[in-house]
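Enquirer: Only the shape, not the letters, is given here:
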């Protein structure tokens, strides 16, 4: 049949379909809404084949945030930089000052959006200038673009090496783009400096002179040249700061970074005031376009890399506004200033406390990563690239914890076998301690699950510490003076357990009817164990002080030795006592509310307290010391019948009043209180007043409210 015609056989079914509809839709919306009115609040009706997993995995069609088809079918006006140049939509030379300002500010906005967890393809590389910076002829935009690419490379390297990021924190994938590897770091700095000098001359040329006639155009040019100059200089300062923090001499690099951070901060404040000088500055309230602040800026195309993304539905990306981006960078600079303070910490424990306090501020991934790399740069296990971790821990145990075995008068001080056992233990302790430090570098939502894994390592460390204490006892045949390593391991274990419990409040995991056993576990178990641990450490300190007193030669020295000195352990002991009283106050108050039936309790058929209790404390089952409290033991210890006289709700409110008062006094007595301590003192004082009213019989008919706005763990109790 070569060369012949092919006849199409008519399809009777297709002919029938063309004249008759194959569907008969029935609108059931009103019936569906009417049926849902029969459901009570909190009830969910679903088919057995469509559960929670299917609901979370479902894609809402026609929603640009979830339906990839809604985004991919949008028109991309410019597909690459070369096409934009040919069509005249993108300039690579003689770029006007307003356009330069807009390009720089929008690129900062894209960089900030990337730092907040979005992909490079949807943020930084929506700037077509970053695709091929070599063909840009404008010196200002070329130098700036190369600096941005270099900064992306440094940031990506730092975040990956620190290894404290999750998928929601950071996207390092480059999608095949190059980061100006053909240009050296010093050359980029030189290019930025040359642009600064050029624009500084233009600033002087356009500066109004005395007795000169006012020229509005010249004044505008002066403002625009100044705006570009401050942006380029701020870029160079931020870039040089990142280079400083990459130096092998960590402390020297940090000192240099502090100077450049101060300059960056003042420059960005000036940049913030000149945002309106950029072209196409649209109102933030304009919601007609997906990215109104970027799509109208020359050289930016939000959809240019859409086909580089995976075939699954894309993560919705909205580029932050220019003003918001500058404010973010200003806050980032302040965070980096605080990070640089870690080198001023005097001992290993102070460094760990710094990590914990910094993590409470919920910092960004870059500042968290830089903190990790300052502490342990280049993965060489040396603190600030100077001292081995095990040596740093040993020095802390000797100078601050005052372990008896490190005192020269101790019989095992010069024993070679004892030294070998101690060194071997400290070498093994490096892994769990480093893991604990790294956990505090993760975001707050991920820390809780990682603290549970860290407890497993600490449990092993405790076993090894107990074995070491026993071996030292066998060597020295002295039961009183050599124990201490197990106490030190227990100290870290208890602190980690407390942090794990507190993060549950911060992440809003606990229901109100669970508060009583959470606060009880903190008060009557963890904080009391921690207090006894600190007491044992205090005994070792007293032994050292008594030995120091005996070695004083002159009467003057004896008088000086008798003067009471403030010790770090005294401050920590006061804080532990305050927290123990605070949590006990909440526990007593919750029991009072429960006995007066002011708390909504779940239905026992669907929600058993035993299951919740065991689930909340399941992470502690790997710990042998302190042993986990079983649910039966908890019920036995909290049974009101154990009191001599059966207490009432009023009695519990009175006990809570005493505990809050004690916590309030303890917080006020803390030496050099932090802002958090001051806030906690005010919370304790206010709760003291509230439970005092409750104890006097002024009970509201409504359930109490717990306001966590002042503190994430210790709420203000409010009565409606």
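Expert: Cool, the structure landed. Predicted model, so just to flag it, every value in this text is computed and none were measured.
Enquirer: quick one: low-confidence ranges for the stretch 201-350 of the chain?
Expert: Applying pLDDT under 70 to the stretch 201-350 of the chain flags residues 280-293, 295, 311-316.
Enquirer: got it, and the chain?
Expert: 1-23, 59, 62, 64-74, 280-293, 295, 311-316, 477-483, 543-567, 605-606.
Enquirer: Going along the chain, name the strands of it.
Expert: With strands called from DSSP state E, the chain shows them at 382-383, 387-388, 705-707, 716-718.
Enquirer: Check the offset of the top helix by length along the chain from the chain's centre.
Expert: Longest among the helix segments of the chain by residue count, using DSSP state H, is helix 444-476. Relative to the chain's own centre, helix 444-476 is displaced by 25 Å; criterion: CA atoms, centre = their mean, to the nearest Å.
Enquirer: in it, what counts as buried?
Expert: 444, 446-448, 450-452, 454-455, 457-459, 461-462, 464-466, 468-469, 471-473, 476 (16 or more other CB atoms under 10 Å). For glycine as for every other residue, the C-beta is placed from the backbone atoms N, C-alpha and C.
Enquirer: same question, stretch 98-107
Expert: Buried residues in stretch 98-107, counting neighbours by 16+ other CB under 10 Å, are found at 98-107.
Enquirer: so what's the closest residue to residue 614 other than its chain neighbours up against?
Expert: Distance criterion CB to CB, 6 or more residues apart in numbering; nearest residue to residue 614, sequence neighbours excluded, is residue 631 at 6.3 Å. Going by CB atoms under 8 Å, 6 or more residues apart in numbering, residue 631 touches 609-610, 613-614.
Enquirer: Need the max-distance pair from those.
Expert: Farthest pair in the contacts of residue 631 (CB to CB) is 609 and 614. Separation: 9.6 Å.
Enquirer: between those two, which one's more packed in?
Expert: residue 609 (17 against 14; other CB atoms under 10 Å).
Enquirer: how close does that one get to residue 713?
Expert: 21 Å (CB to CB, to the nearest Å).
Enquirer: gap between stretch 180-187 and the chain center?
Expert: Its chain's C-alpha centre and that of stretch 180-187 lie 32 Å apart, by CA atoms, centre = their mean.
Enquirer: ends of it, how far apart?
Expert: Using CA to CA, to the nearest Å, the end-to-end distance of stretch 180-187 comes to 11 Å.
Enquirer: what's the answer for stretch 168-185, then?
Expert: For stretch 168-185, the first-to-last residue distance is 30 Å (CA to CA).
Enquirer: which other residues reach that stretch?
Expert: Stretch 168-185 is contacted by residues 114-115, 117-121, 125, 130-131, 133-134, 146, 149-150, 152-153, 156, 159-160, 188, 243, 305, 308, 365, 443 when judged by CB under 8 Å, 6+ apart.
Enquirer: 7 Å instead?
Expert: Residues outside stretch 168-185 that contact it (CB atoms under 7 Å, 6 or more residues apart in numbering): 117-121, 125, 131, 133, 146, 149-150, 152-153, 156, 159-160, 243, 305, 308, 365, 443.
Enquirer: swap in stretch 487-507?
Expert: For stretch 487-507, the external contacting residues (CB under 7 Å, 6+ apart) are 397, 401, 436, 444-445, 447-448, 451-452, 454-455, 458, 461-462, 465, 510, 518, 521-522, 526, 529-530, 533, 536-537, 619-620, 623, 625, 712-713.
Enquirer: try stretch 411-426
Expert: Residues from elsewhere that reach stretch 411-426, judged by CB under 7 Å, 6+ apart: 390, 393-394, 405, 407, 464-465, 468, 471-472, 475-476, 478, 482, 485.
Enquirer: Now for those residues: which two are most distant?
Expert: 390 and 478, at 24.8 Å, using CB to CB across those.
Enquirer: Which one's more surrounded, these two?
Expert: Neighbour totals were compared for residue 390 and residue 478, and residue 390 leads with 19 against 15 (other CB under 10 Å).
Enquirer: I am finished for the moment; much appreciated.
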